[in-house]
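Colleague: show me how the following folds:
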Amino acid sequence: MSVYWPFIIIGLFTGSIYGLAAMGVVLTYKTTGVFNFAYGGIAMVCGYAYWQFHDVWHLTAWIAIPLLMLVVAPVIGLVFEQLFRPLAGLSAEIPIVVSLAMLALLQAVAVLFWKGTSHGLQPVIPRSTFRFGHLYVGYDQLGTLTCALAAAAFLWWLLRHTRFGTATRAVVDNRDLSAMIGVNGDNVRRTAWLISSMFAALVGLLLSPTQGVDPNGLVLIAIGGFTAAVLGRLTSLPWAFGGSLALGVFQSVLSRWSSSGIIANVEASIPFLVLFVLLIVMGGSLKEAGLAVRPMALAGNVAGPVEEDEVGHARRAQRSTAFGTVAFVVALCLPMVLSGPKISVLTAGAIFTIVAVTVVVLTGWAGQISLAQFTFVGVGAFAVGHWSGHSGENFLWATLAGAALAVPIGLFVGLPSLRLKGLYLALATFAAALIMDNIVFNSQSVSNGITGITAPHPRIFGVSFASTTALYELSLAVLGVVLLVAFVLRRGPIGRRLLILRDSPLASSTLGVNLTITKLVAFAACGVVAAIAGALFAGYQQSITPFDFQWSQSLEVLLLVVLGGRSLLTGSVIAGLVYMIGTLNLFPIPAGWHSYIQLGIAVGVIGLGRNPEGTVAISRAETKRTLSILHPRPRRPLQFETLAGSPRLEVHSGS
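Modeller: Residues are numbered from 1 along each chain as shown. Predicted coordinates:
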């Protein structure tokens, strides 16, 4: 047993960090009904802020720490409170997307102001050790655990023995009751955001000296807090904190056998694995906060365009078909006027648009939020990298093999949707993406580790697509087929089945819709299409690594689809265009402007919080409204009136 004590001590240190994150997440969720996916982003920004104060501006810790805890963190908390206040009572998908957009915004801010580079902080607590029996314990480990325990004790006292604690039990599900008893819900929620942000600042302050400050590290460490928070059903602080300590100890003890290889990947993925298992096991007992004040159906907030009569429906279909045909012909002719590098960018944009179509179908039509779509892209890409042959002669069969592999993985990712929806489904797909990232894609046998593998250009039935133009035409043809099939399905019984699943899952069974089969088929089919896009990506990129398919790519495609319109195929095309402009330099952009574009995308998604159908639907509505105002006033027809036996022409004008 003595050999485990050092790992237990380290585990308590890690678990205390998870505990701080879990308490912050649970506190805001209990009082606002918002699950803060951006919690790790707050910790990251606070870590950078302390580095700026202490290492760049050379302020002493006695000044930098109070400045961080009493100014920076509260300001961030107030921003979050003001942002999410208007979203209270809306369907769960809207706060989820806005929270994810805030995470992207904070990462863009880190890149913009601190260049996104990793920085090591001087330890706030000395790293020297002292002897405790047969063990040597670091003062930083003891100090971190002490800070976490003190924060937990303070929060427990605050919730159990103050008016604020009493009010937190009513402000989410019983807003009317809380107003009747004199509780100011806005003040309660504001206080919760302030305390939660201060806890996040403490996480960044304590963890940055050992983990470093970078746009991803502190974001991922918050997943341990998410796992512990789910263990406490997002409402119990003692269970969340105790679970975080147990999670840290378990992960640390497992590291005794995980110096390298698959065991090391599994040990690093313990928080994601536990989160996924907890969500499946506890799915039936997990309830979302604020359901009592949310609309019964999703359609009131995130539904697609209002259905038209048959004539209007047919006219819209004809216009869409004509527009799509013209756009496809124009895209096919672009190689005649653009240079090779630009065509290469268009190829990547077409592949990205294929993935975006799967997000529209799965999230916009079926109402199933997924943060794992680029996982399927990775499956298709690595299948082609391994099995397409030296010169790509087996590309087609490797693509089909990757698509076949995507089916069971799609069922694995979609399995939680049978018992979960909204927030918990988003967490489950998030965990599944991280499991694939850290265990499967990082495996030496799959990707050769961070080195990656090479993939040849496609060759199908003896026809080579090695040239830039040929590969672009192949990608464009696949995109055209995917869009056409999706367009036809949307207007048929399958599309209606998906919309019923989204708008009224409880009533769908009475209409003959099998929820289980529909959900699993939707995940599997969208996974297959994304895997085909991954095969094209491998042929385009030629050198693929695990970094190409991280969860952040899935987050990016989701946000871009929301920006364009998540229930519109046009939204997927806009997502591809914005991706080409903002990420791939389709047009000459001054150096450093990409960070502003990423920031603008995040701000745009946040601004669309109440209009989740995106810019296309808003533009269409505004155009219709403008045309209705400019429409000429109707005129009455000419009428003949007889007076004294003779006809007289009389003109009737509008009043």
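Colleague: contacts, neighbours, all on C-alpha from now
Modeller: Noted.
Colleague: wait, residue 561 sits on residue 571?
Modeller: Yes: using C-alpha atoms under 8 Å, residue 561 makes contact with residue 571 at a distance of 5.6 Å.
Colleague: between these two, which has more neighbouring residues?
Modeller: residue 561 (33 against 26; other C-alpha atoms under 10 Å).
Colleague: tell me which element that one is part of?
Modeller: Assigned by DSSP states H and E, residue 561 belongs to helix 551-564.
Colleague: CA atoms only: put that helix into CSV for me.
Modeller: What follows is helix 551-564, C-alpha atoms only, in CSV (Å, rounded to 0.1, in the frame of the first residue of the first chain):
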residue,chain,number,x,y,z
TRP,A,551,-12.6,18.2,-31.0
SER,A,552,-11.9,21.9,-31.6
GLN,A,553,-12.5,21.2,-35.4
SER,A,554,-15.9,19.9,-34.5
LEU,A,555,-16.6,23.0,-32.5
GLU,A,556,-15.6,25.2,-35.4
VAL,A,557,-17.8,23.5,-37.9
LEU,A,558,-20.8,23.7,-35.5
LEU,A,559,-20.3,27.4,-34.9
LEU,A,560,-20.0,28.2,-38.6
VAL,A,561,-23.1,26.2,-39.4
VAL,A,562,-25.0,28.1,-36.7
LEU,A,563,-23.7,31.3,-38.2
GLY,A,564,-25.0,30.4,-41.6
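Colleague: still on that earlier bit, residues that sit against both of residue 561 and residue 571, list them.
Modeller: residue 360 (C-alpha atoms under 8 Å, 6 or more residues apart in numbering).
Colleague: can you tell me how far the residue nearest to residue 46 when sequence neighbours are not counted is from residue 82?
Modeller: What sits nearest to residue 46 in space, not counting adjacent residues and going by C-alpha to C-alpha, 6 or more residues apart in numbering, is residue 201, at 5.2 Å. Look at residue 201 and residue 82: by C-alpha to C-alpha, to the nearest Å, they are 19 Å apart.
Colleague: enumerate every residue touching the residue nearest the centre of the chain.
Modeller: Nearest to the geometric centre of the chain sits residue 555, at 3.8 Å (C-alpha atoms, centre = their mean). Shown in contact with residue 555 (C-alpha under 8 Å, 6+ apart): 100, 371.
Colleague: tell me where the model's unsure across the stretch 251-400 of the chain.
Modeller: Applying pLDDT under 70 to the stretch 251-400 of the chain picks out residues 258-261, 284, 289-314, 316.
Colleague: neighbouring contacts of stretch 430-443?
Modeller: So stretch 430-443 is contacted by 261-262, 265-266, 268-269, 272-273, 275-276, 370-372, 375, 378, 413, 446-450, 546, 549-551 (C-alpha under 8 Å, 6+ apart).
Colleague: what helix or strand is residue 381 on?
Modeller: Going by DSSP H and E, residue 381 is part of helix 373-387.
Colleague: quick revisit: following element in sequence after the helix holding residue 561, please.
Modeller: Criterion used, DSSP H and E; the element after helix 551-564 is helix 569-582.
Colleague: so that next one versus helix 551-564, what angle?
Modeller: In terms of direction (axes from the mean of the first three to the mean of the last three C-alpha atoms, to 10 degrees), helix 569-582 departs from helix 551-564 by 120 degrees.
Colleague: what residues sit buried inside helix 569-582?
Modeller: 569-582 (16 or more other C-alpha atoms under 10 Å).
Colleague: need the max-distance pair from those residues.
Modeller: Greatest spacing in the buried residues of helix 569-582, by C-alpha to C-alpha: 569 and 582 (20.1 Å).
Colleague: which residues touch residue 569?
Modeller: 357, 360, 483, 487 are the contacts of residue 569 under C-alpha under 8 Å, 6+ apart.
Colleague: so which of those residues wins on neighbours?
Modeller: That'd be residue 357 among the contacts of residue 569, by other C-alpha under 10 Å, with 31 neighbours.
Colleague: quick one: buried residues of the helix or strand that the helix holding residue 381 is followed by?
Modeller: Next in sequence after helix 373-387, counting helices and strands by DSSP H and E, comes helix 395-414. For helix 395-414, a neighbour-count test (16+ other C-alpha under 10 Å) marks 395-396, 398-414 as buried.
Colleague: can you map out the helices along the stretch 1-150 of the chain?
Modeller: 5-32, 39-51, 61-67, 73-84, 93-114, 139-161 (DSSP state H, counting those that start in this stretch).
Colleague: out of these, flag the one nearest residue 502.
Modeller: If you check each of these against residue 502 by C-alpha to C-alpha, helix 93-114 wins as the nearest, at 11.5 Å.
Colleague: if you count neighbours, what's buried in the closest one?
Modeller: For helix 93-114, by 16+ other C-alpha under 10 Å, it's 93-112, 114.
Colleague: contacts for that helix?
Modeller: 34-42, 45, 48, 84, 87, 116-117, 215, 369, 422-423, 555, 559, 592, 595-596, 598-599, 602-603, 605-606, 609-610, 612.
Colleague: that helix vs helix 39-51, what angle?
Modeller: Using the same axes, to 10 degrees: helix 93-114 against helix 39-51 is 20 degrees.
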